[in-house]
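>>> let me see the structure of the following:
(chains A and B)
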Amino acid sequence: DVVLTQSPATLSVTPGERISLSCRASESVDTYLHWYQQKPNESPRLLIKYASQSISGIPSRFSGSGSGTDFTLSINGVELEDLSIYYCQQGNSLPYTFGAGTKLELK
Amino acid sequence: QVQLKETGPDLVQLTQTLSITCTVSGFSLTTYNVHWVRQPPGKGLEWMGAMWNGGGTDYNSAFKSRLSISRDTSKSQVFLKMNSLQTDDTAKYFCARNYYSTSFDYWGQGVMVTVSS
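The predicted structure follows:
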């Protein structure tokens, strides 16, 4: 199974700053890498698909990059509503797998 | 609009069988795939298996032969059944859909299931 390692586990942020979250795969997943945001007691929400493709309705401050084994989710100008847990997910091979998540908290 | 809704028990006894129904609206099960994903309290997400639009299924081998997914297209429902429940099966169970993409664009609200001894 493909193991996805997300770092850092927790990131303390200040509103307005630009941040980057990392997701590293144990083997190449090409660009079959997707990002989700999950707030407490809510379902995950798709933010970015196929590493860098934007999703309708998602603010433009969210962007993704990478291919193969190294991927990044960037938030350009963090807002308070972005304080959540972020998960990456690979869809290159079954079983689909998720990273353990990165939690954004207020500094 | 697109909706997925899970219904099932809040509590299941140890070693018993869990049955959850995902009822969908706004799309067809013969066009979209439906997946099951679970999340233990305070932990991450785990893909369990899929009901493909053609009627085939795939399962995460982590669940060995405990897991079964089926559907009734006439009722727009997908079913999860898992037997021999243990305490570490306590989790929120979600259904989610995809189409050509391998990402999940819509999710249900999830159902929290506690396995009790």
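
>>> which residues does whichever residue of chain A sits closest to chain B contact?
Closest approach between chain A and chain B, counting by C-beta to the nearest C-beta: A:G91, at 2.4 Å. C-beta coordinates here come from the backbone N, C-alpha and C atoms, glycine included. By C-beta atoms under 8 Å, 6 or more residues apart in numbering or on different chains, the contact list for A:G91 reads A:V29, A:Y32, A:L33, A:H34, B:S101, B:T102, B:S103.

>>> bridged to the fourth one, which residues?
Going by DSSP bridges, A:H34 is paired in beta bridges with A:Q89.

>>> re the thing from before, between the contacts of A:G91, which is closest to A:V78?
A:H34 (20.6 Å; C-beta to C-beta).

>>> ok, that closest one touching A:C88?
Yes. Taking C-beta atoms under 8 Å as the definition, A:H34 is a contact partner of A:C88 at 7.0 Å.

>>> farthest-separated two in the contacts of A:G91?
Applying C-beta to C-beta across the contacts of A:G91, the maximum distance is between A:V29 and B:S101, 13.9 Å.

>>> now the nearest residue to A:P44 once chain neighbours are set aside: how far from B:A91?
Nearest residue to A:P44, sequence neighbours excluded (C-beta to C-beta, 6 or more residues apart in numbering or on different chains): A:Y36, at 3.9 Å. With the distance defined as C-beta to C-beta, to the nearest Å, A:Y36 ends up 17 Å from B:A91.

>>> what does chain A put close to chain B?
Residues of chain A lying near chain B by C-beta under 8 Å from any C-beta of the partner chain: A:32, A:34, A:36, A:43-46, A:49-50, A:55, A:87, A:89, A:91-92, A:94-101.

>>> now, of those, which are buried?
Buried members of the residues of chain A next to chain B, scored by 16 or more other C-beta atoms under 10 Å in any protein chain shown, are A:32, A:34, A:36, A:43-46, A:49-50, A:87, A:89, A:91-92, A:94-101.

>>> where's the one residue in chain B that gets nearest to chain A, which helix or strand?
Per C-beta to the nearest C-beta, B:T102 is where chain B lies closest to chain A, at 2.4 Å. Counting by DSSP states H and E, no helix or strand carries B:T102.

>>> which residues touch it?
Contact partners of B:T102, counting by C-beta under 8 Å, 6+ apart, are A:Y32, A:H34, A:G91, A:N92, A:Y96.

>>> residue nearest the centroid of the chain?
Just so you know, I chose chain A. Closest residue to the average C-alpha location of chain A: A:W35 at 4.0 Å, with C-alpha atoms, centre = their mean.

>>> you looked at the wrong chain, it should be chain B
B:W36 (3.2 Å).

>>> is it in a bridge, and if so with what?
Applying DSSP bridges to B:W36 gives these bridge partners: B:G49, B:C95.

>>> same check, this time on A:I75
Note on A:I75: beta-bridge partners by DSSP bridges are A:I19, A:F62.

>>> okay, it: pLDDT?
With respect to pLDDT, A:I75 has a value of 98.

>>> how about it, what does it touch?
Neighbouring residues of A:I75 by C-beta under 8 Å, 6+ apart: A:R18, A:I19, A:L21, A:R61, A:F62, A:D82.

>>> just A:T5 next, same as before
A:C23, A:R24, A:A25, A:S26, A:G99, A:A100.

>>> isn't the fifth one right up against A:C23?
In this case it means A:G99. Yes. If you go by C-beta under 8 Å, A:G99 and A:C23 touch, sitting 5.4 Å apart.
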